[in-house]
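Enquirer: Provided below for reference: sequence and predicted model.
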Amino acid sequence: MEPNGKNIDHAIYIATLLHRLHEGDPLAPDEQEAIAAWQAANGDDTFLQNSKAITDELRRLKNYDTAGAVKTIFGQLGLAVPSRVRRMDTILRWSAVAAMLLVIGAVSVLYFNRPPNNQATITHKPKPILPPGGNKAILTLADGSAIVLDSARNGHLALQGKTNIEKSDGQLMYKNAATTTETLYNTITTPRGGQYAVTLADGSKIWLNAASSLKYPTAFAGTTRQVELTGEAYFEIAADLSKPFKVRLNGMDVQVLGTRFNIKAYQDDTTIRTTLLDGAVKLSAATAGESLLKPGQQATLRPNQRRFTIREVNVNNAVAWRNGYFAFENEDIYGIMKDMSRWYNVDVEFSSHSIESKLGGTLSRYQNAEDVLQVLELTGSVHFSINKKKIIVMP
């Protein structure tokens with residue numbers, strides 16, 4: 001059934017159906033009729049007549065003229081330009097580019113496989129080699145027992161002291177039945193290709209990225225709230241002036257009262273990045289002393305660095321993963337591939353140690369890895385091949 005026109009216009013609806021057709025997803029009879037009507041309205045020769053123009057637009061994509069290219073491609077396909085594309089200065093650029101590529105690919109399949117009666121042919125495509133990650137994690141309780149969260153049922157999971165643990169579709173929630181002086185610790189660990197969210201007993205919410213872990217008390221007793229992080233997490237801390245919140249990392253502490261911030265502290269990154277969205281945090285490290293971070297700022301700390309490096313950044317890029325996107329801003333290919341390796345649970349091999357490519361843009365984390373790599377290749381500065389569960393990067 002066609003989505004509500006108040007939310008998604010007809011062009012997006014048609015593009016969605018073309019994408020599903022390209023992916024081998026069977027269409028309902030009314031959806032096939034919508035595709036057939038679109039074909040009839042645009043004529044048999046639409047795609048062939050405009051293929052050169054579309055190719056020219058793809059060349060423009062390589063030169064980063066994304067807004068103009070996307071608008072023209074929609075026009076060549078006979079689709080109205082959606083409002084979200086008209087506002088290209090504020091939307092996620094590479095995500096739109098990826099969507100257009102899928103639409104173009106779908107139209108190609110549709111045109112060259114159309115039967116005489118103008119009914120859409122459903123072509124089945126093998127499942128992707130490298131699908132995106134999802135809500136996967138292991139919860140380790142205070143007694144050492146483990147619960148695989150992605151296979152556990154929603155609802156009550158366990159009782160830790162006087163704290164109930166509940167699961168609800170990719171999120172853990174800790175609920176105190178009564179005050180307690182007993183301190184029990186749990187650890188939630190995400191694998192490569194996993195993510196998970198947890199609401200602590202004080203109401204603070206934490207989203208854990210792939211290949212990360214968080215150790216925390218099931219209830220906060222005493223005068224401080226302290227957790228330990230490895231990997232990456234986004235925090236929304238419940239304000240409590242009487243109990244400052246502290247995140248312990250490898251060689252660094254982040255102390256807050258009530259705020260929103262992101263910490264990226266993978267051990268194989270060698271650099272710890274703390275990005276503040278609002279509120280205030282105090283950073284401290286044995287080698288770098290202390291520093292205060294203001295909203296809109298990011299602090300970086302490298303091993304044995306004598307002070308924190310603080311700069312103004314686009315905070316949306318730092319938390320893009322939390323909203324389902326990769327966001328790169330002049331990022332070298334090595335950092336980009338680390339993020340992809342963690343999310344798609346794949347190994348990465350570089351054919352050369354001198355790949356100097358730096359890229360920028362935003363891509364959906366819920367595309368298959370093949371689609372993401374295809375868009376990155378549009379820059380012309382890097383190429384990829386896939387061998388089972390390994391991505392090979394070439395200049």
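Expert: Arrived safely, thanks for sending.

Enquirer: where does residue 361 land on pLDDT?
Expert: pLDDT, residue 361: 81.

Enquirer: any idea how far it lies from residue 288?
Expert: Going from residue 361 to residue 288 by CB to CB, to the nearest Å gives 32 Å. To be clear about C-beta, it is placed using only N, CA and C from the backbone, and glycine gets the same treatment.

Enquirer: if you count what's nearby, which of the two comes out ahead?
Expert: residue 361 (23 against 19; other CB atoms under 10 Å).

Enquirer: who does the host helix or strand of that one touch, helix- and strand-wise?
Expert: Per DSSP states H and E, residue 361 falls inside strand 358-364. Strand 358-364 makes packing contacts with helix 93-112, strand 325-332, helix 333-344, helix 369-377 when contacts are defined by 3 or more CB pairs under 8 Å, 6 or more residues apart in numbering; DSSP states H and E.

Enquirer: So what angle separates the directions of whichever strand in the chain runs longest and helix 333-344?
Expert: Using DSSP state E, we find that the single longest strand of the chain is strand 225-236. Relative orientation of strand 225-236 versus helix 333-344 (axes from the mean of the first three to the mean of the last three CA atoms, to 10 degrees): 100 degrees.

Enquirer: so how far is residue 350 from residue 190?
Expert: Applying CB to CB, the value for residue 190 to residue 350 is 25 Å.

Enquirer: Kindly report the same for residue 143.
Expert: As judged by CB to CB, residue 143 and residue 350 stand 43 Å apart.

Enquirer: right, and residue 280 touches residue 258 too?
Expert: No: Residue 280 is beyond contact range of residue 258, at 9.3 Å (criterion: CB atoms under 8 Å).

Enquirer: one step back: tell me which residues are up against the longest strand of the chain.
Expert: Contact partners of strand 225-236, identified using CB atoms under 8 Å, 6 or more residues apart in numbering, comprise 190, 200, 202, 204-217, 240, 243-250, 256, 259-267, 319, 321-322.

Enquirer: Repeat that for stretch 246-256.
Expert: 224-230, 235, 237, 244-245, 261, 263, 265, 267, 272, 274, 279-288, 301, 303.

Enquirer: Tell me the secondary structure at residue 316.
Expert: Under the three-state scheme (DSSP: H, G, I helix; E, B strand; the rest coil), residue 316 adopts helix.

Enquirer: ok, for it, nearest residue in space, not its chain neighbours?
Expert: What sits nearest to residue 316 in space, not counting adjacent residues and going by CB to CB, 6 or more residues apart in numbering, is residue 327, at 6.9 Å.

Enquirer: What is the neighbour count of that neighbour?
Expert: Residue 327 has 22 neighbouring residues, counting by other CB under 10 Å.

Enquirer: I'd like the distance between it and residue 315.
Expert: Distance, residue 327 to residue 315, using CB to CB: 10 Å.
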